[in-house]
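**Student:** need a 3D model of the sequence below.
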Amino acid sequence: MEKQKFKVSALDIQMAVAIGSCVILSYFIPYLQVMTACIAVLLCTQGDLPASWKAGVTRIIITLVGGLTAVLVVGISQLFPDRWLVVLLTMAGVLLTFLGCKLSGVPAFSNRIGAVTFILVVFTKGGADRIPFALQRLVSTLAGVLIVTFVVFVWNLLRKAVVEKISSAKI
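**Tutor:** Next up is the predicted model:
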């Protein structure tokens, strides 16, 4: 494994700015789960716009797959409230999440992150509160992805402008 250099990189700064933007956005949109948006930022910031956007789309897909599977499991467990059935439904739900992620063509490791969403939705809240929680996670993930996209886009525009200014000053 490569040792890290003791310096702050451009990618580090982009992530910090995007996370700060998520926190600020949560002040205006209380529905936003700031932790979920910030996690999306950390997982999706790639430095260049196409890679960040691709990571963001992947994140939205796996959040959708895990969340929808969890809503299905929650619905069934609400109809048949039995703790042993919850064990079986959880195992089946994780497998369905893995299959859904694989069918959507996301990178293999993303299947596990989709399953994390599934588990969070099924077990973080109780009763019917889990369904709005799943929607909040999806909206918050989308917010984080959009913020990352905007920050990386602006960062690259500024970097390009600085490079052009330096290049024109040399002539």
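**Student:** would you map the helices across the chain?
**Tutor:** Here the chain has its helices, by DSSP state H, at 10-28, 34-44, 49-79, 83-104, 110-123, 130-170.
**Student:** contacts for the second one, please.
**Tutor:** Helix 34-44 is touched from outside by 15, 18-19, 22-23, 25-26, 52, 55-56, 59, 113, 136-137, 140-141, 143-145, 147-148, with contacts defined as C-beta atoms under 8 Å, 6 or more residues apart in numbering. From N, CA and C alone the C-beta is placed, and that goes for glycine too.
**Student:** kindly provide the distance from the residue most central in space within the chain to L32.
**Tutor:** Taking C-alpha atoms, centre = their mean, the centroid of the chain lies closest to A40, which sits 3.1 Å from it. Distance, A40 to L32, by C-beta to C-beta, to the nearest Å: 11 Å.
**Student:** shared neighbours, these two?
**Tutor:** Common neighbours of A40 and L32 (C-beta under 8 Å, 6+ apart) are S140, A143.
**Student:** quick revisit: and the residue nearest to the residue nearest to the centre of the chain when sequence neighbours are not counted, what is it in contact with?
**Tutor:** Distances taken as C-beta to C-beta, 6 or more residues apart in numbering place G144 nearest to A40, at 2.8 Å, with adjacent residues excluded. Contacts for G144 (C-beta under 8 Å, 6+ apart) come out as A18, C22, T36, A37, C38, I39, A40, V41, C44, R59.
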